[in-house]
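Enquirer: need a structure here:
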Amino acid sequence: MPSAVVLARERISVPPEVLPPSVDVKDWWVEKPEIGPWAKRFFKEYVGITDQDELAKHLCSIRELAWDVFHYRCIASLLFVNYNLSEAYGTEWYYDVLQRLKKGDKVLDVGCAFGQIARNFVFDGAPAENVWSMDLREAFWDLGYDMYKDRDTFKTPFFEGDISDHEFMKEYDGKFDFIHAASFFHIFNLESQYKVVQRMTKLLSSKPGSVIFGRQVGCSVPRHFSSHPIRLGKGLYMHSVQSFTDMFEDAAPGKWDIQAWLTTRNPRPESKEKGRPGRLRFIITRLESDEVDVTGGDGDVSNLEKQLEETVISDLGDNVGAAKTA
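Expert: Now for the predicted structure:
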C-alpha cells in the first residue's frame, strides 16, 4: 500500500509552469475603483467620506503611496475595498464570530496590510483589544491610519514579522480563537504554505471550535508556478479545493472540519491543464486537539513536509525545461 507521503505527493504535485518574465501592471491598475454598497456605508459611517468621487480620489492617493512599499496586485486593483466578512462568509456565521469576540475570544488577521479586516470587526462591534493584526511590512499598517482617518482613535494590537518563522509571536501560541488570512496563501510556494499552516496551528487555540478562515486566488485544478515576475526568486502555488484540503490535512496535526469552496470567474476553462481560476474561500474548524510538535526541537519543518518536498522536487525536476509559459 502506498505511504501517506506518496499519496500526498500524487495529489498535490503538479508540473511547474513559468510566468512571463515581466508583467504590465497597467492590466492590474484601475483608474476609478468600483465601490460596492458595503464599502460605501463603511467609508461613510466609519471614515466620514460621503462623496463617491472624493472617496475614489482618496483611495487612489493612498494606493500611490502603498505601491511604493510593494507591488501587490490587490493594491493596484483596489479590490480589497469591497471585501467584508459578512458577505464573504455569510451573515449568520459572521454574527456568531462577533458574539464570541464580544465575550473575550481573540482573532488574528494574518497579512493584514492596511488593516481593513480589523476595522471591519471593530466597526461591527468587536472589542478593539480582541482584534489583533500582523503583516510583514508595518508601512502598510501605518498607511491604514491615513486610509481610514483614525490614527488617534484606532487602537488594536499590531505585530510586524514573518508568519512562517516559527519564533514569530511565539509567546502568543495558543492565544487566538480565530485566525484570518485573505489574499495570502497564493503568494507562496507549497513549501512556504506548509510552514504557514504549521505556524498558524500553533498560534491557534487548542480548544475545539477554534477557526482558521480566509480566501485566496484558486483554480479548478492546482497550478504550480516556478517563478514570479514581481517577487523575484520566488515561486507560487495556486490551489484547487482538493489540493488545499490535502495540504492542510498533511501539514496540520489534529482533527479538523475543512470547508472550502471555489467561485470561478469563467464558465469555461482556458484548457484542461490550466482549469478555471477563481476565488477559493475556506473555513477550517478544529475538532480535536493534537499536541504533536510538527516543527521539531530545532524549528525545522516536519519530516512529512521534508519527504513531500523531496519527492515533489524529484518528480518535477525533469519537467522544468518543458514548462509552458502561462
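Enquirer: With just CA atoms, put stretch 235-246 into CSV.
Expert: Taking Å, rounded to 0.1, in the frame of the first residue of the first chain, the C-alpha atoms of stretch 235-246 are listed here in CSV:
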residue,chain,number,x,y,z
GLY,A,235,7.5,30.6,-6.8
LEU,A,236,3.9,30.3,-6.0
TYR,A,237,1.2,27.5,-5.8
MET,A,238,-2.4,28.1,-6.7
HIS,A,239,-4.7,25.5,-5.1
SER,A,240,-7.8,23.7,-6.1
VAL,A,241,-10.3,22.9,-3.3
GLN,A,242,-8.9,19.3,-3.2
SER,A,243,-5.2,20.3,-3.1
PHE,A,244,-5.8,22.9,-0.5
THR,A,245,-7.6,20.4,1.7
ASP,A,246,-4.9,17.8,1.2
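Enquirer: could you give the mean pLDDT of that stretch?
Expert: Mean per-residue pLDDT for stretch 235-246: 91.
Enquirer: list the buried ones in that stretch?
Expert: Going by neighbour count (16 or more other C-beta atoms under 10 Å), the buried part of stretch 235-246 is G235, L236, Y237, M238, H239, S240, V241, S243, F244, T245, D246. C-beta: built from backbone N, CA, C; applies to glycine.
Enquirer: which among these gets closest to L65?
Expert: L236 (25.5 Å; C-beta to C-beta).
Enquirer: Hmm, that closest one is touching L190, no?
Expert: No: assessed by C-beta atoms under 8 Å, L236 is found out of contact with L190, at 9.0 Å.
Enquirer: Give the residues shared as contacts by those two.
Expert: Listed as contacting both L236 and L190 by C-beta atoms under 8 Å, 6 or more residues apart in numbering are H224.
Enquirer: Without its sequence neighbours, what residue ends up closest to D105?
Expert: Among residues not flanking D105 along the chain, D177 sits closest, at 3.9 Å (C-beta to C-beta, 6 or more residues apart in numbering).
Enquirer: Is W132 located within a strand, as I assumed?
Expert: Yes: according to DSSP: H, G, I helix; E, B strand; the rest coil, W132 belongs to a strand.
Enquirer: buried set for the lengthiest helix in the chain?
Expert: Secondary structure of the chain per DSSP state H: the longest helix is helix 52-69. Residues of helix 52-69 classed as buried: L55, A56, H58, L59, I62, R63, A66 (neighbour count, 16+ other C-beta under 10 Å).
Enquirer: Cross-check the contact I'm expecting between the second one and P33.
Expert: Spelled out, that is A56. Yes: A56 lies in contact with P33 (C-beta under 8 Å); the separation is 5.9 Å.
Enquirer: Which other helices and strands does the longest strand along the chain contact?
Expert: Taking DSSP state E as the criterion, the chain has its longest strand at strand 277-288. Under the contact definition 3 or more C-beta pairs under 8 Å, 6 or more residues apart in numbering; DSSP states H and E, strand 277-288 sits against helix 85-89, strand 211-219, helix 241-251, strand 255-264.
Enquirer: Using PDB, list the CA coordinates for it.
Expert: The C-alpha trace of strand 277-288 is given here as PDB (Å, rounded to 0.1, in the frame of the first residue of the first chain):
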ATOM      1  CA  PRO A 277      -9.300  30.400 -12.000                       C
ATOM      2  CA  GLY A 278     -11.400  31.900  -9.300                       C
ATOM      3  CA  ARG A 279     -11.700  32.800  -5.600                       C
ATOM      4  CA  LEU A 280     -11.100  30.000  -3.100                       C
ATOM      5  CA  ARG A 281     -12.600  30.500   0.400                       C
ATOM      6  CA  PHE A 282     -12.200  28.300   3.400                       C
ATOM      7  CA  ILE A 283     -13.400  27.900   7.000                       C
ATOM      8  CA  ILE A 284     -11.400  25.300   8.900                       C
ATOM      9  CA  THR A 285     -12.600  24.400  12.400                       C
ATOM     10  CA  ARG A 286     -10.600  22.500  15.000                       C
ATOM     11  CA  LEU A 287     -12.500  19.400  16.100                       C
ATOM     12  CA  GLU A 288      -9.900  17.800  18.400                       C
END
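Enquirer: Buried residues of it, list them for me.
Expert: Going by neighbour count (16+ other C-beta under 10 Å), the buried part of strand 277-288 is P277, G278, R279, L280, R281, F282, I283, I284, R286.
Enquirer: For the last one, name its beta-bridge partners.
Expert: Going back to what we said before, that points to R286. W256 (DSSP bridges).
Enquirer: From K170, how far out is it?
Expert: Here R286 is placed at a distance of 19 Å from K170 (C-beta to C-beta, to the nearest Å).
Enquirer: can you check the first one too?
Expert: With the distance defined as C-beta to C-beta, P277 ends up 36 Å from K170.
Enquirer: isn't L78 right next to W29, touching?
Expert: No: the pair L78 and W29 fails to qualify as a contact (C-beta under 8 Å) at a distance of 9.2 Å.
Enquirer: Which one's more surrounded, those two?
Expert: Using other C-beta atoms under 10 Å as the criterion, L78 and W29 rank with L78 on top: 22 against 15.
Enquirer: Outside of stretch 132-151 itself, list whatever touches it.
Expert: So stretch 132-151 is contacted by 46-48, 58-59, 62, 65-66, 69-70, 106-119, 154, 156-163, 168-169, 176 (C-beta under 8 Å, 6+ apart).
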